[in-house]
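**Student:** Okay, predicted coordinates and the sequence, questions at the end:
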Amino acid sequence: MRVRLRVDPIKCKAHGMCGELFPERIRMDDWGYPVVDQRALSDDVLEHARRAIVDCPRAALWVEPVDEPGARVRPDDSD
Ligand code: SF4
């Protein structure tokens with residue numbers, strides 16, 4: 001299943017942790033909010049994405065199947 005990373009801008013409180021945990025796909029804007037690369041995640045970055053999702057203190061990150069827009073998959077769901 002190909003997935004991409006998504007962020008809920010309402011839940012996010014700009015802690016900035018995700019950008020440190022997953023710099024390959026998340027950069028922080030001038031206010032400390034994440035700007036997420038919307039491309040599908042390749043296998044070599046999935047573990048970093050998982051770490052960012054699990055460690056987000058606001059549970060504001062998830063992955064979305066590319067072929068199923070709007071669906072939410074948390075790492076524990078796909079184990
Ligand atoms: S770790 Fe979570 S709350 Fe913090 S900036 Fe990233 S998405 Fe937002």
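**Tutor:** Alright, I've got the coordinates. Residues are numbered from 1 along each chain as shown.
**Student:** give the contact list for Arg51.
**Tutor:** Listed by Cβ atoms under 8 Å, 6 or more residues apart in numbering, the contact set of Arg51 reads Leu21, Phe22. Glycine gets a C-beta too; all of them are placed from N, C-alpha and C.
**Student:** and it, backbone torsions?
**Tutor:** With angles defined as degrees, to the nearest 10, Arg51 sits at phi -60, psi -40.
**Student:** Which pLDDT does the model give it?
**Tutor:** Model confidence at Arg51, given as pLDDT, is 96.
**Student:** go on, Arg72?
**Tutor:** The predicted local confidence for Arg72 is 88.
**Student:** How much space separates the closest residue to it other than its chain neighbours from Arg6?
**Tutor:** Spatially, and ignoring its direct neighbours in sequence, Arg72 is nearest to Trp62 (4.6 Å; Cβ to Cβ, 6 or more residues apart in numbering). Applying Cβ to Cβ, to the nearest Å, the value for Trp62 to Arg6 is 6 Å.
**Student:** Identify the contacts common to those two.
**Tutor:** Taking Cβ under 8 Å, 6+ apart as the contact rule, Trp62 and Arg6 both touch Arg72.
**Student:** hmm, back to that, now do the contacts for the residue nearest to Arg72.
**Tutor:** Leu5, Arg6, Asp8, Ile53, Arg72, Val73, Arg74.
**Student:** Let's see that with 10 Å instead.
**Tutor:** Listed by Cβ atoms under 10 Å, 6 or more residues apart in numbering, the contact set of Trp62 reads 3, 5-8, 49, 53, 56, 71-75, 77.
**Student:** what do you get for Arg72?
**Tutor:** If you count contacts by Cβ under 10 Å, 6+ apart, then Arg72 has Arg6, Asp8, Trp62, Val63, Glu64, Pro65 around it.
**Student:** Cheers, nothing more for now.
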